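In: Sharing a model that was predicted from the sequence below.
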Amino acid sequence: MKCSKCGSPKVIYKQEQSGQILCKECFIESIESKVIKTVRKEKLLDRGDKVLVALSGGKDSVTTLEILNSFREMNVIDICAVTVDEGIANYRQDGVDIAKRHAERLGIEHKVVSLKEDYGITLDEIMQRPKHRGSCTYCGVFRRTIINKAAREMGATKIATGHNLDDEVQAIMMNYLEGNTNNLTKLGAKTESDAEEFTVKIKPLREIPEREIGIYVVAKELEVHFDSCPYAMQSFRGEVSELINQLNEKHPTIKYSTLRGYEKIKAAIKDEMQNDYAHGRCSRCGEPSSNELCKACSFLEELGV
C-alpha cells in the first residue's frame with residue numbers, strides 16, 4: 001500500500017470521502033490545503049483582519065490556531081486568542097495551561113476569562129442545581145457572550161472557532177429535530193449580525209471531520225488536551241453525535257452529504273424565516289438584545305445569580 005499522492009509506503013490514513021491513502025506529510029498538506037480552500041471559498045478573512053481564536057487547548061482550536069497562523073506569517077492577518085475557563089473541576093485547567101503554552105510559542109496576545117469572574121458561577125455549580133437546562137445550553141450562551149466581549153476589548157475583527165464537520169452536522173440535525181428552524185438559518189462558515197457589537201464569526205475547519213483533526217495534531221506533534229468534557233455525553237448533542245456516527249459506519253459520506261444538503265436549502269429557509277428584530281439593549285448588562293434581557297442574563301435570573 002502506497003501514498004496516493006507521492007508513492008511513499010509509509011501511509012497513515014485513508015480518507016473516507018476521497019478514498020485517498022496518504023502518508024504523514026501528504027495527510028498534513030491535505031488538511032491544511034482544505035482549510036485554506038474553505039477560507040478562500042467562503043471569504044472568511046480580509047487582509048488586515050485581527051482574528052481572535054477561541055482557544056480551549058483542545059484539538060480543534062489548536063488546529064485552527066496552527067493553520068490560521070500561516071496567514072499571520074504571510075502578514076495577511078494578525079491573531080490573538082481567548083480561553084474560557086468554564087469552571088469544570090479536574091478537566092478545564094489542563095486545557096487552559098496548554099492554550100497558554102501555544103500562545104507563548106507563537107508570541108500572540110492571549111487572555112484567559114472565566115464564568116466565575118464574569119457571572120459569579122461555574123458550570124459545575126450550575127449543574128448541581130436541581131432544575132438545570134443541561135450543560136451545553138448554559139455553556140454555549142455564556143461562552144459566546146464572553147468571547148464576543150473579549151473580541152471587542154482586544155480589537156478583533158473576526159472570531160475563529162474550531163467547529164469541525166461533525167459539529168456542524170450535529171447542529172443541523174439538532175435544530176431540525178427540535179424544530180428550531182430559526183437557528184438553522186444562522187449556521188454556516190461565516191456568521192454576521194446587523195448589531196456592530198457582535199463580531200463576525202468564522203469556522204475554518206467546517207469541512208474537516210473530527211477524526212482527521214485528531215490525526216492531524218498527532219501527525220504534527222501538537223500538544224492538545226484530548227479529554228472530553230465530562231458533561232458532553234449527558235447532552236442532546238451527545239445523543240445526536242452517537243446516532244450520526246452509527247449511520248456513518250455504513251454510509252461513510254453521510255456527514256458531507258448532510259452538510260451539502262443543508263447548504264442547498266439554507267437560502268430558502270432564511271427567506272421563509274426572515275424576521276426584523278428590534279435591536280435594543282439588555283436592561284441588565286447593556287449588551288445588544290431583541291428582548292428586555294439577553295439570553296445570558298435571562299439564564300442568570302433563572303439561576304438566581
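Out: Received the coordinates, thanks. Nothing here was measured: the structure is a model prediction, and the numbers come from that model.
In: before we move on, what SS does G261 have?
Out: Following DSSP: H, G, I helix; E, B strand; the rest coil, G261 is assigned to helix.
In: Pull the number of nearby residues for it.
Out: For G261, the count of nearby residues is 11 (other C-beta atoms under 10 Å). All C-beta atoms are positioned from the backbone trio N, CA, C, and that covers glycine.
In: Could I get the contacting residues of L165?
Out: Residues in contact with L165, defined by C-beta atoms under 8 Å, 6 or more residues apart in numbering, are L205, R206, E207, I208, P209, E210, K255, Y256, L259.
In: unless I'm mixing things up, L68 is touching I77, no?
Out: Yes. Using C-beta atoms under 8 Å, L68 is in contact with I77, at 7.2 Å.
In: Wait, a helix at A150?
Out: Yes. The assignment for A150 is a helix, going by three-state DSSP.
In: What values do phi and psi take at the closest residue to it other than its chain neighbours?
Out: Closest residue in space to A150, ignoring its immediate chain neighbours: V82 at 4.2 Å, by C-beta to C-beta, 6 or more residues apart in numbering. Main-chain dihedrals, V82, degrees, to the nearest 10: phi -130, psi 140.
In: Thought V51 was touching V82, still the case?
Out: No. Here V82 lies out of contact with V51, judged by C-beta under 8 Å, at a distance of 11.3 Å.
In: does the closest residue to K203 other than its chain neighbours count as helix, strand or coil?
Out: Excluding its sequence neighbours, the residue lying closest to K203 (C-beta to C-beta, 6+ apart) is H163, at 4.4 Å. What three-state DSSP gives for H163 is coil.
In: one step back: find the residues that touch each one of L68 and I77.
Out: Residues touching both L68 and I77 (C-beta under 8 Å, 6+ apart) are V51.
In: can you tell me which residues contact E109?
Out: C80, A81, A103, M154 are the contacts of E109 under C-beta under 8 Å, 6+ apart.
In: about what we covered before: pick out whichever of L68 and I77 has more residues nearby.
Out: With neighbours defined as other C-beta under 10 Å, L68 and I77 compare such that L68 has more, 25 against 21.
In: Tell me the secondary structure of the more buried one, please.
Out: helix.
In: Then C80?
Out: C80 ends up strand, using three-state DSSP.
In: Model confidence at the residue lying closest to it once chain neighbours are set aside, what's the number?
Out: Distances taken as C-beta to C-beta, 6+ apart place E109 nearest to C80, at 4.1 Å, with adjacent residues excluded. For E109, the model assigns a pLDDT of 97.
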